[in-house]
Every structure is written in structure tokens, then in C-alpha cells.
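Asks: Sequence unavailable; structure follows:
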């Protein structure tokens, strides 16, 4: 249980980093939308012994505001907040080194 909590906190930090820095990095590599298998929000998906579920996807628009009064404008596209859960059903610890989000235009965003 402790490993799961630490893992979920790590995912939360990664998600917050994505929200803070958005998609304003270097130009994104594109892949064909036809190559992507999509699932609706709320459906559980398994890869081996790892189970994923996107809980919520929220469009935050082109400007991201902070509680401190500042803001960050997107240089390309919109900011998105994606809430998901990950469950490791194996006996071994797993580490996510790279998490990629693909938008509706086929652009890859590494977070």
C-alpha cells in the first residue's frame, strides 16, 4: 500500500509539472491518429500487470493561472489537466520513465 501511495504521489507531481509547463516546449513529433487505439474516460485498460484508468480530462484553455496571481500562456494549443490512476498488480516495483500524451492532431507531448 505504501508503494502505491508513493507511486500515485509521483504521478501527481508529474501531472502538475505538465500543467505548469504545458505544451510550450520544442515542436512536437506527430504520429498518425489511425495508429492510436483510444478508450473512453473511465474505462480501465491493462498492459501486462499494470492497470490504468483516466478518471477525468479537463480543457484548461490557452492561459494557465496560478493561485499567486501569475499566469502562463500556451505557445501552441491548450493546457489540459488529466487525472488518472495506475495500479501495479505485480510483485515487482515498476517505474514510469516516460509518459506521453497524444493530442487529437497526433502531436506527442512528453511529460
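Replies: In hand now; what should we look at? What you see is a predicted model; the values in this text were computed from it and never measured. Numbering: from 1, shown residues only.

Asks: how about the helix or strand residue 86 falls within: buried residues?
Replies: Assigned by DSSP states H and E, residue 86 falls within strand 79-88. Across strand 79-88, burial judged by 16 or more other CB atoms under 10 Å covers 79-80, 82, 86. C-beta: built from backbone N, CA, C; applies to glycine.

Asks: For the protein, which segments count as strands?
Replies: Remark: strands assigned in the chain by DSSP state E are 44-47, 50-61, 63-65, 71-73, 79-88, 100-102, 108-110.

Asks: any idea how far the second one is from the chain center?
Replies: The reference is to strand 50-61. Centroid separation for strand 50-61 versus its chain: 7 Å, with CA atoms, centre = their mean, to the nearest Å.

Asks: Also the fourth one?
Replies: On the basis of CA atoms, centre = their mean, strand 71-73 is displaced by 19 Å from the centre of the chain it belongs to.

Asks: what helices or strands is it leaning on?
Replies: strand 63-65 (3 or more CB pairs under 8 Å, 6 or more residues apart in numbering; DSSP states H and E).

Asks: Remind me what the strand it packs on packs against, helices and strands.
Replies: Counting by 3+ CB pairs under 8 Å, 6+ apart, strand 63-65 packs on strand 71-73.

Asks: Can you point out the buried residues in the strand it packs on?
Replies: residue 72.

Asks: in its sheet, what does it sit against?
Replies: According to DSSP bridges, strand 71-73 has the following sheet partners: strand 63-65 (antiparallel).

Asks: List the buried residues for the strand it pairs with?
Replies: Result for strand 63-65 [16+ other CB under 10 Å]: buried residues residue 64.

Asks: Show me how far it is from its chain's centre.
Replies: Taking mean C-alpha positions (CA atoms, centre = their mean), strand 63-65 and its chain are 18 Å apart.
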